[in-house]
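J.: Coordinates for the following, if possible.
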Amino acid sequence: MLQFEVYRNDTPAEEVDLSGAYLFGQDSIPVRGELAAEGGTVHCQPKVHGACGLALMWDAGDSGRLLLPTPRLPSSETPYNLNIELARARLKMIASKIEEWGLFDYPEAGHLNEMFRTIRKTFIAAIKATQPAHQAHLADQTLAEAITLSERIALFHADVFLYRKAAAGTAARTRFGCRVELDHPGKDYQDRLKDAGDFFAIPVPWKHVEPEESRYEFSAIDTWINYAARIRKPIHVGPIIDFDPTNLPEWLYLWEHDYDSLREVIYDHLAQVVKRYSRQVRTWSVVSGLHAFNNFNLSFEQIMELTRMCCRLVKQLAPRSQVMVETVMPWGEYYARSQQTIPPQLYADMIVQSGIPVDMFGIQLYMGLARDGYYVRDLMQISSLLDEYVSLHKPLRITSCGVPSDIITDPIATCQTDQPLVMGGRWHGPWTPRLQAEWLQAFYRIVISKPYVDAVCWRDLDDGPGHFLPHGGLCDATLQPKISYRELRNFRLKLVSTLRDKEKENHE
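T.: Numbering: from 1, shown residues only. Predicted coordinates:
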């Protein structure tokens, strides 16, 4: 058993919020376990052997309220000091990334390394303190400063790799996109969308395309496909097979306990969509969420078989197109709740090892809601997550991303929880239009700096009907641009201009 004593404001905590909390084992893979909070103590009972860590929402001062992990720790009858362990885990992450990213080789990073040494001294003082409350006080100071430092390190590392992309002549190839809302074809919407990015992401939700078995509705998709062709915008289409319950038609559940029939229905639906648009589409998001949403109680082998079948079929019907598989909830918390699912990195790794014909992987990454996969993380956690995909040796795309611009209730957002937005965490402060824009800039800097990332796509253009994330649009409900819309346009134009100038200098 693991136990943690929790301190707040130099005194034992009266209660601990465990919403979103989970246990994890080796390689940060979530594991099953029982969590309980009694007063200021957290009791953890993992259902696996070996050392485990705890991840939970934590108020880290000015850095925000974030989902943070402890290190993996052996079972002990004596409680650990949670404040100490959270700080220890962050310092360990910083040390690991400084070495992995080779920051000792950059004179410009000298002040960052010096800051790390100073913060580490505070942590040593925390360990040496004799009173647990004093230990917790120094640990909280360490953690807040360490998170701030780790984000600065992540951004420094991003700038280094942006320069390398420029030197290699590949920086300007990174594409920016925005997802289309199918039922929003007005001219004002089209004009805003056209200026928001380099490409359109056109969804084909199953319940929209085939509301009744064998009855297809392609008119809305045809409209956007034709519009994109008319203005010469590249398009990414999909996901075609998306197991998110909000995108599945009700009639599909008739085959919940009949895998062979379900497989045939999926095959037929996929073939109908791909055949219709095979000439216009060069990038297909084929499947999404099979690893996380096991609505049909599929086995591991069946999930992998469906993935293989879908990818092969698209390759057969559209051999010149690119095939992409999307992962959702990329930290995999859901796996601690349901063992009938597959951790996202393991799923991607098995696809590659099994020889499934996939050209690239996609990641959906949202923050700001109190539900698995949507709790707020900091920039170093995001950068570290993306680094885990290097070993796959496949291009990576951020197929959908977003954060809120407000904390008030948004009743028309399609992605909702029964918890207020503040429970999903905050990044530096409560969500505002300015903070949304700052997060977007920092996130895009990190994402496009990765050599293996070739595109990034924002989810919601506006906060009108049909938008996904509460207040997640780049424009408000009347299509008036928010700060994030203007900042994204300026950031994209300035980045492309600057990097092309550097590329030109390098060629000369």
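
J.: can you tell me which residues contact the residue lying closest to Pro71 once chain neighbours are set aside?
T.: Spatial nearest neighbour of Pro71, excluding adjacent residues (Cβ to Cβ, 6 or more residues apart in numbering): Ala89 at 4.7 Å. (Glycine included, C-beta is placed from N, CA and C.) Contacts here follow Cβ atoms under 8 Å, 6 or more residues apart in numbering; on that basis Ala89 touches Gly53, Leu68, Pro69, Thr70, Pro71.

J.: The first one: what secondary structure?
T.: Remark: Gly53 carries the secondary structure label strand [criterion: DSSP: H, G, I helix; E, B strand; the rest coil].

J.: Surely it is in contact with Tyr80?
T.: No: the pair Gly53 / Tyr80 is not scored as a contact, 10.5 Å apart, by Cβ atoms under 8 Å.

J.: so what sits against both of these two?
T.: What both Gly53 and Tyr80 touch, as defined by Cβ under 8 Å, 6+ apart, is the set Thr70, Leu73.

J.: Around the residue nearest to Gln436 when sequence neighbours are not counted, how many other residues sit close by?
T.: Leaving aside its sequence neighbours, Gln436 sits nearest to Ser405 (Cβ to Cβ, 6+ apart; 4.0 Å). Neighbour count of Ser405, defined by other Cβ atoms under 10 Å: 27.

J.: how far away is Ser405 from Thr327?
T.: Counting by Cβ to Cβ, to the nearest Å, the gap from Ser405 to Thr327 is 26 Å.

J.: Can you check my assumption that Ala37 lies in a helix?
T.: No: counting by three-state DSSP, Ala37 falls outside a helix, being strand.

J.: residues contacting it?
T.: The neighbours of Ala37, taking Cβ under 8 Å, 6+ apart as the test, are Glu15, Val16, Asp17, Leu18, His43.

J.: Redo those residues as CSV? Include distance to Leu252 and neighbour count.
T.: As requested, the contacts of Ala37 are exported to CSV (distance: Cβ to Cβ, whole Å; neighbours: other Cβ atoms under 10 Å):
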residue, distance to Leu252, neighbour count
Glu15, 42, 11
Val16, 40, 21
Asp17, 37, 14
Leu18, 34, 15
His43, 41, 14
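
J.: Nearest to Pro420 among these?
T.: Asp17 (12.9 Å; Cβ to Cβ).

J.: which intervals of the protein have sub-threshold pLDDT?
T.: 166-173, 185, 417-419, 496-508 (pLDDT under 70).

J.: can you tell me which helix in this protein is longest?
T.: Counting residues, the longest helix in the chain under DSSP state H turns out to be helix 132-168.

J.: Now do the buried residues in that helix.
T.: By neighbour count on 16 or more other Cβ atoms under 10 Å, the buried set for helix 132-168 is 132-133, 135-158, 160-162, 165-166.

J.: Over to stretch 470-477?
T.: Neighbour counts over stretch 470-477 (16+ other Cβ under 10 Å) mark Pro470, His471, Gly472, Gly473, Leu474, Cys475, Asp476 as buried.

J.: Can you tell me how far Gln340 is from Cys52?
T.: 21 Å.

J.: hang on, the earlier thing: who are the packing partners of the longest helix of the chain?
T.: Here helix 132-168 touches strand 7-8, strand 64-69, strand 80-81, helix 82-100, helix 110-128, helix 379-387, helix 433-449, helix 483-507, going by 3 or more Cβ pairs under 8 Å, 6 or more residues apart in numbering; DSSP states H and E.

J.: Dump those into JSON lines; add distance to Ile398 as well.
T.: JSON lines is the format used below for the helices and strands packed on helix 132-168 (distance: least, Cβ to Cβ, whole Å):
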{"stretch": "strand 7-8", "distance to Ile398": "36"}
{"stretch": "strand 64-69", "distance to Ile398": "19"}
{"stretch": "strand 80-81", "distance to Ile398": "36"}
{"stretch": "helix 82-100", "distance to Ile398": "20"}
{"stretch": "helix 110-128", "distance to Ile398": "26"}
{"stretch": "helix 379-387", "distance to Ile398": "9"}
{"stretch": "helix 433-449", "distance to Ile398": "6"}
{"stretch": "helix 483-507", "distance to Ile398": "13"}
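
J.: out of the ones you listed, nearest to Glu250?
T.: The nearest among those, by Cβ to Cβ, is strand 64-69 at 33.2 Å.

J.: Could you list the paired strands of that closest one along with their orientation?
T.: Within its sheet, strand 64-69 is paired with strand 53-59 (antiparallel), strand 426-427 (antiparallel), according to DSSP bridges.

J.: Hmm, Ile303 is touching Gly289, no?
T.: No: the criterion here is Cβ under 8 Å, and Ile303 misses it with Gly289 at 10.5 Å.

J.: picking up where we left off before, can you name the residues that contact the residue nearest to Gln436?
T.: Neighbouring residues of Ser405 by Cβ under 8 Å, 6+ apart: Trp431, Thr432, Pro433, Leu435, Gln436, His471, Gly472, Gly473, Lys482, Ser484.
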